[in-house]
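1. Just the structure for this:
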Amino acid sequence: MTKWNMKSKRKKTSGMLKRGQKKKKYQRGRDFLEASVGEKKIKIKRTRGSGTKRILLSVSIANVIVDGKAQKTKILAVADNKADSHFIRRNVVTKGAIINTDLGKARVTSRPGQEGVVNAVLIEEKK
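-> Next up, the predicted model:
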């Protein structure tokens, strides 16, 4: 179902507003495509002005910052995700998710659904 980014149909007094124009394509949103842990898959989406967004559908490697240096490491699973508690069980990676990697626990700082890459900061080293 398409989400529309438009003004409310109602006034503060709960009365109905008259529509001034019809729906335009630029007011339309898009569905959330979640990035899960698995073999890397990317969907390229054209944006307004002929730009592109790389939507990450699944990923297995993250760029983790350790002491100011970036290292590529394997994602094992999602440990915590404040966006939705069901994302933990389904291994969905979003910004702010805590992931288990070979180096330890890391917090995702990039937006996988917009940027097409998973960048993270190490928060707890593996013992």
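
2. is it true that residue 114 lies in a helix?
-> Yes: looking at residue 114 with DSSP: H, G, I helix; E, B strand; the rest coil, it is inside a helix.

3. Enumerate every residue touching residue 27.
-> Shown in contact with residue 27 (C-beta atoms under 8 Å, 6 or more residues apart in numbering): 4, 5, 6. For every residue, glycine as well, the C-beta is placed using N, CA and C.

4. got CSV for the residues you listed, with secondary structure, distance to residue 59 and neighbour count too?
-> Formatted as CSV, the contacts of residue 27 follow (DSSP: H, G, I helix; E, B strand; the rest coil; distance: C-beta to C-beta, whole Å; neighbours: other C-beta atoms under 10 Å):
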residue, secondary structure, distance to residue 59, neighbour count
4, strand, 30, 11
5, coil, 28, 8
6, coil, 33, 13
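
5. quick check, nearest of the residues you listed to residue 46?
-> residue 5 (18.1 Å; C-beta to C-beta).

6. do you know how far the closest one is from residue 117?
-> Using C-beta to C-beta, to the nearest Å, residue 5 is found at 26 Å from residue 117.

7. Equivalent analysis for residue 19, please.
-> 40 Å.
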